[in-house]
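K.L.:
any chance you can model this:
(2 chains)
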Protein chains: 2
Amino acid sequence: MGSAAIILFSGGIDSTTTLAIAIHEGHAPVALSFDYGQRHRYELIAAEKTLRQFPGCKHVVFQLDLTQMGGSALTGAIDVPKMRPLEDSTIPITYVPGRNLIFLSVAAALGETLEACDLYFGANVLDYSGYPDCRPAFIESVERTLNLGTRAGVGGKQFRIHAPLLQLTKAQIIRKGIELGVDYSSTHSCYDPDPGGLACGQCDSCRIRRKGFEEAGVPDPTRYLSR
Amino acid sequence: MGSAAIILFSGGIDSTTTLAIAIHEGHAPVALSFDYGQRHRYELIAAEKTLRQFPGCKHVVFQLDLTQMGGSALTGAIDVPKMRPLEDSTIPITYVPGRNLIFLSVAAALGETLEACDLYFGANVLDYSGYPDCRPAFIESVERTLNLGTRAGVGGKQFRIHAPLLQLTKAQIIRKGIELGVDYSSTHSCYDPDPGGLACGQCDSCRIRRKGFEEAGVPDPTRYLSR
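P.N.:
Numbers count the residues shown, from 1 in each chain, chains lettered A, B, ... in the order given. A predicted model of the protein is given here:
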């Protein structure tokens, strides 16, 4: 196995594909999930299941309660919007203030202690759908910041944030994963699942996912509440 | 009162002075402290006491357990070094991987929800003493990152990180605070206090503090274990 890499891992399509890419690129993977008070906490169960297909992958679940902050439908009492036009480019209420920067900072901190300077982040322009913290310029700026403000960066071990899905559509991501042997059956994307983990089928994330499988010509393994 | 500002507030000399400056500059202050598993958790009690002199200042204590990460004498089982030469410019073992970036990210996230885009951060070149995440280039890079990756930044409300102590010596910081009416008697700096909050007098932080009071010609109110 090559050097260790940290993969931000929610257990969805994007982060699972990103994990497969990190392994394909020769890294010893450490999947980092966050228990942050998300409404869709079911994703942590899905993450655990999905990881079974990657033997040797370490899993770290970091406790970081973002409900202390409020301000998002994903962590608060605000309802997750359903059937929102996907072409609406305003920032949706499911945006969690500062989330990706906080997650990348924690990933880098963990990376320092594990001597893993390669960070994999499954952001993509499609998923961006208005999220400012998935933009390429943001990701580059975080990378620069990490190399200025960490022992590793200053010591000459450059942090690198890999965002291999950035320019891919959901269908291309799924095809890429299938090519790498990924089994998507346990992955979870829904922002508002029922307690048993059935997907709502109506939030942005469900609809982008369903459309992705359709366009990829791959059977959608998701168990939806409504079809 | 002017617009709200978030002040990273540990309850030490630097953050207390920074808070006084933020108020002097017309902001409605929100002091943000972190309960992060620090060995010197006594600082949170000191922070609470110190804030009594700033009526109207809100206090948020954010729970974020950095012991999940390890890798530092401030959050782990590693001993805090005593009587380390202060001119040693290597990164000390009290460095907490990623801490200031994580703290600034949380401050920005809180700032978004409170519509407070002014963040005050009491970093200074003296306290830097080898910490990469107190460097001016790092702070500028974080500010840039925040404006690229947040709803507020993208929406045209620029985040600004104020670091008014950056170029001051500890003695200058203390004189500045005295000028603004700060009472330092409850502030706490020690990395390794006894359970009652007595300062060890020997860690980097104690010695920089003591030297600061001496050079400022201000009586040192600290209760030390040993003198």
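K.L.:
every contact and neighbour count from this point should use C-alpha atoms.
P.N.:
OK.
K.L.:
Three-state assignment for the closest residue to residue A:80 other than its chain neighbours, please.
P.N.:
Residue nearest to residue A:80 in three dimensions, not counting chain neighbours: residue A:73, with 5.5 Å by Cα to Cα, 6 or more residues apart in numbering or on different chains. Put simply, residue A:73 is coil when judged by DSSP: H, G, I helix; E, B strand; the rest coil.
K.L.:
what is the neighbour count of residue A:73?
P.N.:
Residue A:73 has 20 neighbours, counted by other Cα atoms under 10 Å in any protein chain shown.
K.L.:
against residue B:58, how distant is it?
P.N.:
25 Å (Cα to Cα, to the nearest Å).
K.L.:
list the contacts for the nearest residue to residue A:158 once chain neighbours are set aside?
P.N.:
Using Cα to Cα, 6+ apart and skipping the chain neighbours, the partner closest in space to residue A:158 is residue A:147 (6.1 Å). Contacts for residue A:147 (Cα atoms under 8 Å, 6 or more residues apart in numbering or on different chains) come out as A:153-154, A:158-159.
K.L.:
buried stuff in the helix or strand containing residue A:147?
P.N.:
Applying DSSP states H and E as the criterion places residue A:147 in helix A:136-149. Using 16 or more other Cα atoms under 10 Å in any protein chain shown as the test for burial, helix A:136-149 gives A:136, A:138-139, A:141-149.
K.L.:
quick one: the residues you listed as a markdown table, columns for pLDDT too.
P.N.:
Below are the buried residues of helix A:136-149 laid out as a markdown table (pLDDT from 0 to 100):
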| residue | pLDDT |
| --- | --- |
| A:136 | 90 |
| A:138 | 93 |
| A:139 | 94 |
| A:141 | 96 |
| A:142 | 96 |
| A:143 | 96 |
| A:144 | 95 |
| A:145 | 95 |
| A:146 | 94 |
| A:147 | 93 |
| A:148 | 92 |
| A:149 | 87 |
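K.L.:
just flag the most distant two among the residues you listed.
P.N.:
A:136 and A:149 (20.1 Å; Cα to Cα).
K.L.:
distance from the helix holding residue A:147 to the middle of the chain?
P.N.:
18 Å (Cα atoms, centre = their mean, to the nearest Å).
K.L.:
and the next element down the chain from it?
P.N.:
Downstream of helix A:136-149 (by DSSP H and E), the next one is helix A:151-154.
K.L.:
check which helices and strands that next one sits against.
P.N.:
Using 3 or more Cα pairs under 8 Å, 6 or more residues apart in numbering or on different chains; DSSP states H and E as the contact test, the elements touching helix A:151-154 are helix A:136-149.
K.L.:
between the helix it packs on and helix B:136-149, how many degrees?
P.N.:
160 degrees (axes from the mean of the first three to the mean of the last three Cα atoms, to 10 degrees).
K.L.:
show me the longest helix that occurs in chain A.
P.N.:
Identified as the longest helix of chain A according to DSSP state H is helix A:99-114.
K.L.:
how about the residues of chain A near chain B?
P.N.:
A:62-65, A:68-71, A:91, A:97-99, A:101-102, A:105-106, A:108-110, A:112-113, A:131-135, A:137-138, A:141-142, A:144-145, A:148-151, A:154 (Cα under 8 Å from any Cα of the partner chain).
K.L.:
shouldn't residue A:11 be within a helix?
P.N.:
No - assessed with three-state DSSP, residue A:11 is coil; it does not lie in a helix.
K.L.:
just the pLDDT for the closest residue in space to it that isn't next to it in sequence.
P.N.:
Among residues not flanking residue A:11 along the chain, residue A:47 sits closest, at 4.0 Å (Cα to Cα, 6+ apart). pLDDT for residue A:47: 95.
K.L.:
about what we covered before: what's the most distant pair in the contacts of residue A:147?
P.N.:
Top of the distance list for these (Cα to Cα): A:154 and A:159, 9.8 Å.
K.L.:
those two: which has the busier surroundings?
P.N.:
A side-by-side neighbour count of residue A:154 and residue A:159, using other Cα under 10 Å, places residue A:159 first with 24 against 17.
K.L.:
quick check: closest non-adjacent residue to the more buried one.
P.N.:
residue A:117 (4.6 Å).
K.L.:
ok, that neighbour - contacts?
P.N.:
With Cα under 8 Å, 6+ apart, residue A:117 has these contacts: A:4-6, A:108, A:111, A:152, A:157-160.
K.L.:
want to throw these into TSV with pLDDT and distance to residue A:123?
P.N.:
Formatted as TSV, the contacts of residue A:117 follow (pLDDT from 0 to 100; distance: Cα to Cα, whole Å):
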residue	pLDDT	distance to residue A:123
A:4	96	20
A:5	97	16
A:6	97	14
A:108	93	16
A:111	92	19
A:152	79	24
A:157	85	24
A:158	91	21
A:159	95	17
A:160	96	14
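K.L.:
nearest to residue A:190, of those?
P.N.:
residue A:6 (23.6 Å).
K.L.:
what about that closest one, which SS state?
P.N.:
Classified using three-state DSSP, residue A:6 is strand.
K.L.:
ok, now the one 10 residues further on?
P.N.:
Assigned by three-state DSSP, the conformation of residue A:16 is helix.
K.L.:
neighbours around the nearest residue to it once chain neighbours are set aside, how many?
P.N.:
Nearest residue to residue A:16, sequence neighbours excluded (Cα to Cα, 6+ apart): residue A:9, at 7.0 Å. As a burial measure, residue A:9 scores 28 neighbours (other Cα under 10 Å).
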